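*Asks:* Just need the structure, nothing else, for what follows:
(one chain, ligands or ions: 1)
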Amino acid sequence: MDTIDSIDPSTGHVVEAVAEATAPGQVAEIVAAAAAAAAPFEALGRGFRAGLLRAIGDELERLRAEIVALGMRETALPEPRLNAELTRTVYQANLFADVLDEGSYLEATIDHAGETPMGPGPDLRRMLTPIGPVAVFGASNFPLAFSVPGGDTVSALAAGCPVVVKAHSSHPGLSLLTFRAMAAAADRLNAPTGLLGIVFGTEPGAALVAHPGIKAVGFTGSLVGGKALMGIINDREEPIPFYGELAGLNPIVVTEGAAAARGETIAAGLVNSVIGSGGQLCTKPGLVFVPRGAAGDALVAEAVRLVSAAPAATLLNARISESYRSTNAALDAYPDIEVLAEGGRSTAAGFTVTPRLLQVDASRLHDQELAECFGPTTLIARYGADQPETALSGLPASLTGTVHAEPSETDRIRHLSTLLKEKAGRLLYNGFPTGVLVSWAQHHGGPWPSTNTLHTSVGTTAIRRWLRPVAWQDAPTEVLPEELREDYPLIPRRIDGRLLLPR
Ligand code: NAP
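*Replies:* Numbering: from 1, shown residues only. Purely as a prediction, here's the structure:
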């Protein structure tokens, strides 16, 4: 049986064996247990689930020192970043508890029986219900907030779905530690057995997706990995939803006005956004349109200075560092792309790489096959006249699109916004796309290939991915969920077409 090893990214060496790869029979047992937990978990109701999520948050908080220390060792991410990510992870669990208390996510709707313009109508009651056991593939680059205890897991638990997580090979020790923390919270509250499961190994992960007991899959990772799992889903007897957070360039456009007014400040924010966390953020700006001329030159000169001073970055794993090197080699092979700056040199030890700043003329962008370069590299595209608009319309879609402009450039901002809205799920103004707030209004998703769905994986509406609408027609009260019974006072409901707020 394969051993799942924990590797130190700073040396590339195995530190310890964490687990055995999950055997095929065990995958089936874990999914069967999750399936058996589904109905009892749903029956425990929203109050129980809110309590469970808060207990998970408390347990993660209690283990903070151990989690952060192991996270640093397994990912090479710095202590402040991991502490902040744990805070976000705990907040996220508690926020989904608030979502359950508030209840509008259910879309509870009642049409009483009565006369309609089409004749007599039945009593109809509709709301969203849990989809069933789901598989969650944690991300390598957010070992907490997008991994085992992350947003996919807590939003699915909030929805009422048992969760089987696939531990990422980049941080198996942290996956196990955080899984045990969640399982301890579930045990303390006497949650149904099998509610939470964990699978180790690439092949067992594929078997999990193929298993008929799994009703949806959440994934954060590469386009190649996502396509492989979509292929497995396509071969299933029963198709199921696949929610993939995949890839993107996250373009930024700096207008002439913004470059002239605050070029150096923009350069500082940009470089910070590109090299933070080793550039391993799905929202890292990978393509930046800067005007030709003196103001653009000054912005670029400051970016050159900052990237040249940036230290080498230790990336998360061998796969990501190899992909960084090969993507940069492909960019270097384009005759139109020039290297403007390189930071600290990578060493032979571990998965260290060199931060890089590249430049191309925007009019030559369409000659390149531009793909995401995951890591601390960004490409500056210099433009004149109307070139950013022309180049933007030919780009693949991303999670984000950003405009840096002066308030007086109203028409320009409007035009760029229209173009970027076609290409991205979150539009930013005079900011940087890294750092995704977990909140009620957040959207983290975009047109293919940034994601493959209309949904978000960050923010409260992430719960929608794990819900299935059901309508009850002329149902006796005793079969209705309590939220659809007459006079249930605790959540917003639409009754006979009118939205009524809780009393
Ligand atoms: P990855 O290679 O796609 O791996 C992600 C997960 O999928 C891992 O658990 C991996 O298993 C599994 N997997 C991959 N291919 C598989 C296959 N053929 N069969 C079964 N399981 C498979 O991604 P990564 O290397 O962890 O992350 C880096 C990439 O993710 C970057 O390129 C970045 O673009 C992207 N990313 C995107 C976002 C976003 O929100 N859009 C966020 C973070 C990262 P093993 O661990 O066992 O190999």
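
*Asks:* Touching, residue 425 and residue 433? I think so.
*Replies:* No - here residue 425 does not reach residue 433: they are 10.8 Å apart, not a contact under CB atoms under 8 Å. For the C-beta atoms, the positions are set from N, CA and C on the backbone; glycine is no exception.

*Asks:* And the two? Which one has more around it.
*Replies:* Ranked by neighbour count (other CB atoms under 10 Å), residue 425 and residue 433 place residue 433 first, with 24 against 21.

*Asks:* wait, what's in contact with residue 413?
*Replies:* The neighbourhood of residue 413, defined by CB atoms under 8 Å, 6 or more residues apart in numbering, consists of 255, 403, 405, 429.

*Asks:* Where does it sit, in terms of helix or strand?
*Replies:* Secondary structure from DSSP states H and E places residue 413 in helix 410-421.

*Asks:* okay, the very next helix or strand once past that helix in CSV with CA atoms only?
*Replies:* Next along the chain after helix 410-421, taking DSSP H and E as the criterion, comes strand 424-429. What follows is strand 424-429, C-alpha atoms only, in CSV (Å, rounded to 0.1, in the frame of the first residue of the first chain):
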residue,chain,number,x,y,z
ALA,A,424,-14.5,38.1,-14.4
GLY,A,425,-16.7,37.4,-11.4
ARG,A,426,-15.3,40.2,-9.1
LEU,A,427,-14.5,43.7,-10.3
LEU,A,428,-12.1,45.8,-8.2
TYR,A,429,-11.4,49.5,-8.4
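
*Asks:* and strand 424-429, does that touch the ligand?
*Replies:* No - using CB under 6 Å from any ligand atom, strand 424-429 never reaches the ligand; the gap is at least 10.5 Å.

*Asks:* Now do the same contact list for the nearest residue to residue 254 once chain neighbours are set aside.
*Replies:* Once flanking residues are discounted, residue 254 sits nearest to residue 404: 4.5 Å by CB to CB, 6 or more residues apart in numbering. The contact partners of residue 404, by CB under 8 Å, 6+ apart, come to 252, 253, 254, 255, 258, 259, 266, 429, 430.

*Asks:* Flag every buried residue along the lowest-mean-pLDDT helix or strand in the chain.
*Replies:* When the helices and strands of the chain are scored by mean pLDDT, DSSP states H and E, helix 387-393 comes last with a mean of 88. Residues of helix 387-393 classed as buried: 387, 388, 389, 391, 392 (neighbour count, 16 or more other CB atoms under 10 Å).

*Asks:* how close does the first one get to the ligand?
*Replies:* It refers to residue 387. To the ligand, residue 387 is 27 Å away according to CB to the nearest ligand atom, to the nearest Å.

*Asks:* now that residue: how far from residue 251?
*Replies:* 13 Å (CB to CB, to the nearest Å).

*Asks:* on that earlier part again, can you tell me which of the contacts of residue 404 is closest to the ligand?
*Replies:* residue 252 (17.1 Å; CB to the nearest ligand atom).

*Asks:* ok, now which ones touch the residue of the chain found nearest the ligand?
*Replies:* In the chain, the residue that lies nearest the ligand is residue 225 (2.3 Å; CB to the nearest ligand atom). The contact partners of residue 225, taken as CB under 8 Å, 6+ apart, are 137, 219.

*Asks:* how about the lengthiest helix in the chain: buried residues?
*Replies:* Ranked by residue count and defined by DSSP state H, the top helix of the chain is helix 24-62. Within helix 24-62, the residues scored as buried using 16+ other CB under 10 Å are 26-27, 30-31, 33-38, 41-42, 44, 46, 48-60.

*Asks:* In CSV, list the buried residues of helix 387-393 along with distance to residue 297.
*Replies:* Supplementary listing: the buried residues of helix 387-393 in CSV, determined by distance: CB to CB, whole Å:
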residue, distance to residue 297
387, 16
388, 17
389, 22
391, 19
392, 22
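
*Asks:* Which of the residues you listed sits closest to residue 150?
*Replies:* Of all the buried residues of helix 387-393, residue 150 sits closest to residue 392, with 31.6 Å by CB to CB.

*Asks:* in terms of contact, does that closest one touch residue 252 like I think?
*Replies:* No - using CB under 8 Å, residue 392 is not in contact with residue 252, being 10.8 Å away.

*Asks:* what sits in contact with each of the two?
*Replies:* Residues touching both residue 392 and residue 252 by CB under 8 Å, 6+ apart: residue 289.

*Asks:* Next SSE downstream of the longest helix of the chain?
*Replies:* With elements assigned by DSSP H and E, the helix or strand that comes after helix 24-62 is helix 64-75.

*Asks:* Quote the end-to-end distance of stretch 405-424.
*Replies:* 18 Å (CA to CA, to the nearest Å).

*Asks:* List the buried residues in that stretch.
*Replies:* Buried residues in stretch 405-424 (16+ other CB under 10 Å): 405, 406, 409, 412, 413, 416, 419, 420, 423, 424.

*Asks:* Relative to residue 275, how far out is the fourth one?
*Replies:* Separation of residue 412 from residue 275 (CB to CB) stands at 29 Å.

*Asks:* circling back: any shared contact partners between residue 387 and residue 251?
*Replies:* With CB under 8 Å, 6+ apart as the test, residue 387 and residue 251 both reach residue 289.

*Asks:* Quick one: low-confidence residue ranges for the stretch 1-150 of the chain.
*Replies:* For the stretch 1-150 of the chain, the stretches flagged by pLDDT under 70 are 1.
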